[in-house]
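Novice: Okay, here's the prediction I keep looking at, along with the sequence it came from:
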Amino acid sequence: MKTAIVILNWNGEKMLQCFLPSVVKNSRIKDTEIIVSDNGSTDSSIAFIKDNFSEVKIIELKKNYGFAEGYNRTLKQIDADYFVLLNSDVEVTPGWLNPLIELMDKDPKVAAVQPKILNWKKKDEFEYAGAAGGFIDKLGFPLCRGRVLDIMEKDHGQYDNVTSIFWASGACMAIKANYFNEAGGFDSDFWAHMEEIDLCWRLKNKGFKILFTPDSSVYHLGGGTLPYNNPFKLFLNFRNSLWLLHKNLPSGKFIRILITRLLLDDAGALRWLITGEFKDFLSVVKAHLAYYRSLPVIIKKRKKLKIITSQKWHPEIICRSIIFKYYFERKKHFNEI
């Protein structure tokens, strides 16, 4: 099999009812299989697929392993040249798949490709999780072409060029199976959130390319499993961002950037405490405690990565602070950063 479109599902029957039909309809390409891997759902997801989409293969995992480990366990069971990781809340469009595969076919150095990800509810607007390709700033804050912090741009074709990016979104990412496996897959400790940035950073450190193409478009609902304002999601984002930096930052910038990020986190938590947003404050505190407890493990991971890859400062790491640009200079579009 050349291409496996793999959807990780957890209690997502309603999402599958809404979005799976578009995947089946628009992915009828030779040597391509659609696979739904179920992360221990307790709803009727599996029954729905069996009753309505006999052409979709099902892999059943014993429990909810989260996004990272769920995909790791699933992809080990699939023999394909390319994996296309697709969230269950994504509507795909006609012709969406070929541009992703063609870019990887053309260049052996291309490890992964992301399509244009637009908002399912506002289809002329970029969606938070990926937009027109992911980058990070000099302090490790993620941003996208089309999305800076919580500001989403409308799509006017301003990013309609194939370009090198720093990370491809886990909401929709095509990746070469051998490179995914060679890099060790996702870091399962992340559970969910930023695991794709960590994977892409490791791939970049191996000398591979991550690309964005505007020739493929999908529409993402977002927040299907965890709402954007969920305290657990906030905890994961703060904890995992520290893990991401500790594992991958080049030595010359490691201490300064990590300490700066910890202080900025503390400042954000203090603001939430003062404004009475106690759940958000506690999420940051819990994230920092989890980071400190995990230091022996993270230190070992960093040492291992330093042996097998070169830790570099890549052109797709923006040498400016989006926090400063956003809050002090009021720059809220990617092209202004």
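Specialist: Yes, it's here.
Novice: got the residue ranges for the strands in the stretch 151-300 of the chain?
Specialist: 151-152, 163-164, 172-176, 209-220 (DSSP state E, counting those that start in this stretch).
Novice: Just checking: what are the partner strands of the longest one?
Specialist: So that's strand 209-220. Its sheet considered, strand 209-220 pairs with strand 90-92 (antiparallel), strand 110-119 (parallel), strand 163-164 (antiparallel) by DSSP bridges.
Novice: what's the domain layout of this protein?
Specialist: 3-220, 231-336 (automatic domain parsing).
Novice: Show me which of those domains has the highest average neighbour count.
Specialist: Of the domains of the chain, the one with the most neighbours on average (mean count of other Cβ atoms under 10 Å) is domain 3-220, at a mean of 20. Yep, even glycine has a C-beta here, placed from its N, CA and C like the rest.
Novice: Quick one: closest of the strands of the stretch 151-300 of the chain to residue 197.
Specialist: Residue 197 lies closest to strand 209-220 among these, at 10.2 Å (Cβ to Cβ).
Novice: Report the angle between that closest one and strand 172-176.
Specialist: Interaxial angle of strand 209-220 relative to strand 172-176 (axes from the mean of the first three to the mean of the last three Cα atoms, to 10 degrees): 150 degrees.
Novice: Put the alpha carbons of strand 209-220 into PDB.
Specialist: Provided in PDB are the C-alpha atoms of strand 209-220 (Å, rounded to 0.1, in the frame of the first residue of the first chain):
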ATOM      1  CA  LYS A 209      12.400  19.300   5.000                       C
ATOM      2  CA  ILE A 210       8.800  20.100   6.100                       C
ATOM      3  CA  LEU A 211       6.700  21.800   3.500                       C
ATOM      4  CA  PHE A 212       3.400  23.600   3.200                       C
ATOM      5  CA  THR A 213       1.300  23.500   0.000                       C
ATOM      6  CA  PRO A 214      -1.700  25.700  -0.900                       C
ATOM      7  CA  ASP A 215      -2.800  23.200  -3.600                       C
ATOM      8  CA  SER A 216      -4.500  21.100  -0.900                       C
ATOM      9  CA  SER A 217      -7.200  22.500   1.400                       C
ATOM     10  CA  VAL A 218      -9.000  21.000   4.400                       C
ATOM     11  CA  TYR A 219     -11.500  22.500   6.900                       C
ATOM     12  CA  HIS A 220     -10.900  21.800  10.600                       C
END
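Novice: so how far is it off the chain centroid?
Specialist: 13 Å (Cα atoms, centre = their mean, to the nearest Å).
Novice: State the pLDDT value of residue 224.
Specialist: As predicted, residue 224 sits at a pLDDT of 55.
Novice: cool, the one 5 residues further on as well?
Specialist: The confidence metric pLDDT takes the value 69 at residue 229.
Novice: For the stretch 1-150 of the chain, which segments are assigned as strands?
Specialist: Counting by DSSP E, counting those that start in this stretch, the stretch 1-150 of the chain has these strands, from start to end: 3-9, 32-39, 57-61, 82-86, 90-92, 110-119, 134-137, 142-144, 147-148.
Novice: Is it possible to get JSON lines of the ones you listed that adds mean pLDDT and distance to residue 166?
Specialist: Shown next, in JSON lines, are those (pLDDT from 0 to 100; distance: least, Cβ to Cβ, whole Å):
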{"stretch": "strand 3-9", "mean pLDDT": "98", "distance to residue 166": "23"}
{"stretch": "strand 32-39", "mean pLDDT": "98", "distance to residue 166": "27"}
{"stretch": "strand 57-61", "mean pLDDT": "98", "distance to residue 166": "30"}
{"stretch": "strand 82-86", "mean pLDDT": "98", "distance to residue 166": "17"}
{"stretch": "strand 90-92", "mean pLDDT": "98", "distance to residue 166": "21"}
{"stretch": "strand 110-119", "mean pLDDT": "98", "distance to residue 166": "11"}
{"stretch": "strand 134-137", "mean pLDDT": "98", "distance to residue 166": "5"}
{"stretch": "strand 142-144", "mean pLDDT": "98", "distance to residue 166": "9"}
{"stretch": "strand 147-148", "mean pLDDT": "98", "distance to residue 166": "14"}
